[in-house]
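>>> The following block contains a protein sequence and its predicted model.
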Amino acid sequence: MAACVTTSIVYHAAAKGITIRSMESRLKGDIDLHGFLGMRDEVPRGYKEIRMFVTIDADAPAEQLEEIVQLGPGYSPVFDTLNRAVPVKVELDK
């Protein structure tokens, strides 16, 4: 997700004529390992919340960077897919 949202931010910045010199994205999430490890069936196996933090060095004021950052999740295919809870199938590739 971080790569897709970051890419969306970079492309939208470029489309608006903003030069990004450097950018860093990091994710933090809350997960209960009792669910992940199967120790308690009533505990969800996934994250309760995921937060993404972005640091940008660019030739634009902070207000404009805030606007660009908000466009990232709005146009990220991975962010959209996760928020719509799309079914995912996992199969052995034979």
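Sure, I can see it. Residues are numbered from 1 along each chain as shown.

>>> Residue 39 belongs to a helix?
No - using DSSP: H, G, I helix; E, B strand; the rest coil, the assignment for residue 39 is coil, not a helix.

>>> Number of residues surrounding the closest residue to it other than its chain neighbours?
Spatial nearest neighbour of residue 39, chain neighbours left out: residue 33 (7.7 Å); criterion: C-beta to C-beta, 6 or more residues apart in numbering. Placement of C-beta: from N, CA and C, glycine included. Neighbourhood size, residue 33 [other C-beta atoms under 10 Å]: 10.

>>> what does the one 5 residues further on give?
Here the neighbour count serves as a burial measure; for residue 38 (other C-beta under 10 Å) it reads 9.

>>> ok, now residue 93?
The burial count for residue 93: 3, using other C-beta under 10 Å.

>>> buried set for stretch 63-74?
Buried residues in stretch 63-74, counting neighbours by 16 or more other C-beta atoms under 10 Å, are found at 65, 68, 69, 71, 72, 73.

>>> if we take the residues you listed, which one ends up nearest to residue 50?
The nearest member of the buried residues of stretch 63-74 to residue 50, counting by C-beta to C-beta, is residue 73 at 10.9 Å.

>>> so where does the closest one fall, helix or strand?
According to DSSP states H and E, residue 73 maps onto helix 62-75.

>>> Now do that helix: distance to the chain's middle.
Helix 62-75 sits 13 Å away from the centroid of its parent chain (C-alpha atoms, centre = their mean, to the nearest Å).
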